[in-house]
Structures are given as C-alpha cells and as structure tokens.
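S.K.: Structure, please.
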Amino acid sequence: MFKKPLMDISANEMEDWLRSMEIGPRTRKNYRTAIATMTAYAKARGYVPRDWNEIENIQVGKIKKENIHIFAPHELERLLNAAPEKALPIIALGAFAGVRLAEITRLDWSAINFESGFITVEAHAAKTARRRLIPILPALKSWLEPIVAKTGPICVYAFPANSLMDYAKTAGIKWHQNILRHSFISYRLADIQNINQVALEAGNSSQMIFSNYRELTTPAKAASWFRIFRPTTAPLSNSQAQKTGGLDTKQAQ
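M.R.: The predicted model follows:
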C-alpha cells in the first residue's frame, strides 16, 4: 500500500496496485469504487483539493458477462440425495426460491412462514439492502416442512459453499458458483413467463433477468424442476418427529 498523502498518489500508481492483485475485473472495479468513495469523502472534508481527480484516470478493464450455468432436474435430485439433512434447507432455498447463499447464512427460521406462504428476506439480510417476499412454492414447502424449526439460524455451516461443492462432487455433478440461484431464476422464468415477477422474487432488476436468464431452458423442464418433492416414504427421525409433532401428514394418509 501507499505510505504518502492521497493527493500525492497518481492514477498510474493506483492502477498498478490494483493490477498487482490476483483478482478479477469485477473485484478490481469494486476496489476502484471504494477508492472513489474514500476520495469523495476526503474532498468533502478538505483533505485533498476538489479538483484532484486521479481516480477518474484509473482503468479497470472490461467486465465479461458471467456465464450462466444451471442444473438439470435429475442433477438437483442427485445433489439432494447426496447431501445430509442439515444441508437440505440451504439447497432447497437456493433451488426453489433463488435465495442467495450469503442471504441464507443471515436468515433465521422465523423468516419462513407457511401460513402466509412467504419467505421474508429483511433488508439487513438482503444483498440489495431491500426487503423482499418470496413465495414458498409447493416443492420448497415439501423440503422445509419436515425439518423446520421455530427459530435459530437456517445455515449451520461456517463455509457452506465448500460443503455444497463437496456434496456435488459426491453426487457426481459439476458445481458452479451461484448455480442453485441461477437454476431457480431460469426455471421460474420459463415456468411463469413473467420477468417482472421473477425480478421481484430474486431481488434483481428486470433488465438483468431479461439479458441473462431468458430462454435458458423450457417450460417442460421447468415443470420437472418444480415437481422435485421430498420423498414421503422414509420415516421421520426422532428429532424430525419432535419438531413436527409426529408423523408427516402425507405419510399418515
């Protein structure tokens, strides 16, 4: 880092520092934005002249469009079968509600309300810092109901992404970053054909949904995706029975 006043640092020096780090263009751009924020604060406080604008001369490179990878329905089934019970709510919330993994780590079980039929992602938990409601679709409900708790964190992993990658490897499927969320958005859009609604549920802009997720899959495959229900033939464990007050109602019928 630099051991001299901000106003003495040139754009070339800052650019060389940014490029010396082993990070991608998007992260590099985020660093540049942070420097710009610090610079604006310094100008407002009179620490640097208001006409000092070296930050505007920093080049960060073009950010490539992210490749969208999605699971096929049979791959999701294999992942769910390979994962332990404590991972099931994480996988289900990503696959059937599109909740970001970082958001899941901040969610409490109290955010799941079967009576209202919605998941509440409060502003403090959302990436966009905006509260949103996500409908609890039937497939998601089938996976969450037998293991839901009244309160407590949904995610019990310190590093959930690493664990999910391990479970995918065990299932013999390839893992990609954000693949559960990408899958949900793609299948949900193919299913309901409503970009604005999907944008609201996912916490994205309509433009982002349109440009990145349109026509990645078909309505028929989407129907298969949202028919992946938790099997009801296996008996509940003692801990599950205590949480749900006995046998699953579907099993009892």
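S.K.: Strands of the stretch 1-150 of the chain, residue ranges please.
M.R.: 112-113, 118-121, 132-135 (DSSP state E, counting those that start in this stretch).
S.K.: Show me the helices in the stretch 51-200 of the chain, by range?
M.R.: In the stretch 51-200 of the chain, the segments counted as helices under DSSP state H, counting those that start in this stretch are 73-82, 88-97, 101-104, 138-144, 160-171, 179-192, 195-202.
S.K.: now the last one against helix 88-97, angle please.
M.R.: Orientation of helix 195-202 against helix 88-97 (axes from the mean of the first three to the mean of the last three Cα atoms, to 10 degrees) gives an angle of 160 degrees.
S.K.: Also the first one?
M.R.: In terms of direction (the same axes, to 10 degrees), helix 73-82 departs from helix 88-97 by 160 degrees.
S.K.: Then the longest one?
M.R.: In terms of direction (the same axes, to 10 degrees), helix 179-192 departs from helix 88-97 by 40 degrees.
S.K.: Could you list the buried residues of helix 179-192?
M.R.: Using 16 or more other Cβ atoms under 10 Å as the test for burial, helix 179-192 gives 179-191. Quick note: C-beta positions are derived from backbone N, CA and C, even for glycine.
S.K.: Any chance of TSV for the strands of the stretch 1-150 of the chain, columns mean neighbour count?
M.R.: Shown next, in TSV, are the strands of the stretch 1-150 of the chain (neighbours: other Cβ atoms under 10 Å):
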stretch	mean neighbour count
strand 112-113	18
strand 118-121	20
strand 132-135	18
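S.K.: For these, give me JSON lines that also has distance to residue 173 and mean pLDDT.
M.R.: JSON lines is the format used below for those (distance: least, Cβ to Cβ, whole Å; pLDDT from 0 to 100):
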{"stretch": "strand 112-113", "distance to residue 173": "27", "mean pLDDT": "96"}
{"stretch": "strand 118-121", "distance to residue 173": "26", "mean pLDDT": "96"}
{"stretch": "strand 132-135", "distance to residue 173": "25", "mean pLDDT": "96"}
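S.K.: Okay, the residue nearest the centre of the chain and residue 81: tell me how far apart.
M.R.: With distances taken as Cα atoms, centre = their mean, residue 100 lies nearest the centre of the chain, 1.6 Å away. In this view, residue 100 and residue 81 are 24 Å apart by Cβ to Cβ, to the nearest Å.
S.K.: Residue 67 - how many residues pack around it?
M.R.: 8 (other Cβ atoms under 10 Å).
S.K.: returning to what we had before: residues in contact with the residue nearest to the centre of the chain?
M.R.: 94, 127, 178, 181, 203 (Cβ atoms under 8 Å, 6 or more residues apart in numbering).
S.K.: and which of these is nearest residue 121?
M.R.: Using Cβ to Cβ, residue 203 is the member of the contacts of residue 100 that lies nearest residue 121, at 7.2 Å.
S.K.: isn't that closest one right up against residue 133?
M.R.: No. Judged on Cβ atoms under 8 Å, residue 203 makes no contact with residue 133 at a distance of 10.5 Å.
S.K.: Identify the contacts common to these two.
M.R.: residue 121.
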